[in-house]
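Trainee: Below is the structure, and that's it, no one-letter string:
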Ligand code: UFG
C-alpha cells in the first residue's frame, strides 16, 4: 500500500484529488488546518466513494495541523511510521489563495505559503521523502498578450499570492539543483479550476470570502445576490469581457494523479506544467452557458475593470498532454451543470 500525504486535502482541489487517490488504491493522509476548508469534506469523499460501492474509510486519515509549525508536520510522518507506512510522496495544496487578501496581508501570505512550504520540505528531507507535486498557478505569468501561455513564457506576478507561488517554484528548483538524483518534483500551474464532482457531495465551499466568478454566478442563481458585476466590458476581446481558461476540478484532480504516477515511474526530475483546457471563455459567455445549461436567469451589470485583471489568460496545455498522457475530458457545460448540482444539493455549503 502506497501512502500519499496531501496537505490541504480538505480543500476544493485537494478533496477531489484525494477521492481519486483513494480510487487508485493509494492510502491518503490529509494534513489540513481547516482555516479555509471543512472537516466534513472527508465524509463527503467517503460518501462519494460509497455511492460507487467503494468502502475505503480505513485508507483515509485526517490530521489537523498547520504548516507554520514543523512539529505538526512531523506528527504525520511519525504517525505513518507507527502504522508501519512510509510517505511515498506529498501533494502540496495547502496555502492561502485569495489574490485580493494577499495584497492586504502580504506577511501572512509569505509566512503561510512560503515559510510553510519550507517547513514541509525540511521535514520531507528529514524523513527521506523526496517526491512532491506542488500547486502552482497561472498567476505566475506576465500576461500581456492574446497568445496561449506556455511554460517557457516570462513569469512576473503582480501580487503577493503570485510572488509566493513563483518563489516556491524557485525554492523547489534550487532543491532539485542541489540533489538532482534524488528529487522528483512537479509544479502544476492551474488556470481557473471550477465545477464539482458530478455526484454532488464534493464541491467548493471556501470559508474565506472570495470574489471569483463561479461562486458569484451560483450565488445569483440561488437568489442570494441580485446580479453579477462584470468587471469591465471594454477589454480587447470579442465581447469586451475578460477571457479565462475554466477547467473542471475533476480534470485538475486527474491531472494530479497522472503527474504523480508519471513522477513515481520516472527518473528524478523537475517538471513545470500548465493544467488548463486551452479553451477561453469570456465572462459573458460563461454566464450565458450557465443560464442555458441550468435553465436559470443570471442578471448582471457592468462595472469598472478590476485592478490586476487581464483580458486573456488561457493555457497552452500541450506539454501536460504530451508528458502525462492526460487531457481534460469535461467542457464548460459540464462545469456549469456539476457546479450548480453541488450548490443545489448543498445550498449552505458543507
Ligand atoms: N469577474 C467578474 N465579476 C466577478 C468576478 C470575476 O467579471 O464578480 C471576472 C474577472 O474580471 C475575470 C474572470 O471573471 O475576467 C475570472 O475571475 P476570477 O476571479 O474567477 O479568476 P481570476 O482569473 O481572476 O483568478 C483565478 C484565481 C487565481 C489564480 C488565477 C490564475 O482566482 O487564484 O485564476 O489564472 F491565480
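Mentor: That came in fine, so what should we check first? Please read these numbers as outputs of a predicted model, since none were measured by experiment. Residues are numbered from 1 along each chain as shown.
Trainee: counting contacts, what elements does the lengthiest helix in the chain pack onto?
Mentor: As assigned by DSSP state H, the longest helix anywhere in the chain is helix 160-178. Judged by 3 or more C-beta pairs under 8 Å, 6 or more residues apart in numbering; DSSP states H and E, helix 160-178 is in contact with helix 99-104, helix 106-109, helix 116-126, strand 131-137, strand 184-190, strand 269-275. Quick note: C-beta positions are derived from backbone N, CA and C, even for glycine.
Trainee: Tabulate the ones you listed in JSON lines, adding columns for distance to the ligand, mean pLDDT and mean neighbour count.
Mentor: As requested, these are exported to JSON lines (distance: least, C-beta to the nearest ligand atom, whole Å; pLDDT from 0 to 100; neighbours: other C-beta atoms under 10 Å):
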{"stretch": "helix 99-104", "distance to the ligand": "5", "mean pLDDT": "92", "mean neighbour count": "17"}
{"stretch": "helix 106-109", "distance to the ligand": "12", "mean pLDDT": "97", "mean neighbour count": "15"}
{"stretch": "helix 116-126", "distance to the ligand": "17", "mean pLDDT": "98", "mean neighbour count": "19"}
{"stretch": "strand 131-137", "distance to the ligand": "4", "mean pLDDT": "98", "mean neighbour count": "24"}
{"stretch": "strand 184-190", "distance to the ligand": "7", "mean pLDDT": "98", "mean neighbour count": "23"}
{"stretch": "strand 269-275", "distance to the ligand": "10", "mean pLDDT": "98", "mean neighbour count": "22"}
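Trainee: can you state the direction angle for the longest helix of the chain and helix 116-126?
Mentor: 20 degrees (axes from the mean of the first three to the mean of the last three C-alpha atoms, to 10 degrees).
Trainee: For residue 154, grab the count of nearby residues.
Mentor: Residues near residue 154, counting by other C-beta atoms under 10 Å, number 10.
Trainee: Now do the contacts for it.
Mentor: Contacts of residue 154 were listed using C-beta atoms under 8 Å, 6 or more residues apart in numbering, and they are 141-142.
Trainee: what ranges do the strands span in this structure?
Mentor: 3-7, 27-32, 60-64, 87-92, 131-137, 184-190, 192-194, 228-231, 243-244, 246-248, 269-275, 281-282, 300-303, 312-313 (DSSP state E).
Trainee: For those strands, could you give me a markdown table that also reports distance to residue 45?
Mentor: Listed next are the strands of the chain as a markdown table, based on distance: least, C-beta to C-beta, whole Å:
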| stretch | distance to residue 45 |
| --- | --- |
| strand 3-7 | 11 |
| strand 27-32 | 9 |
| strand 60-64 | 7 |
| strand 87-92 | 14 |
| strand 131-137 | 18 |
| strand 184-190 | 20 |
| strand 192-194 | 17 |
| strand 228-231 | 31 |
| strand 243-244 | 27 |
| strand 246-248 | 17 |
| strand 269-275 | 21 |
| strand 281-282 | 29 |
| strand 300-303 | 34 |
| strand 312-313 | 30 |
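Trainee: Which pLDDT does the model give residue 144?
Mentor: As predicted, residue 144 sits at a pLDDT of 76.
Trainee: Distance check, it against the ligand.
Mentor: For residue 144, the distance to the ligand equals 14 Å [C-beta to the nearest ligand atom, to the nearest Å].
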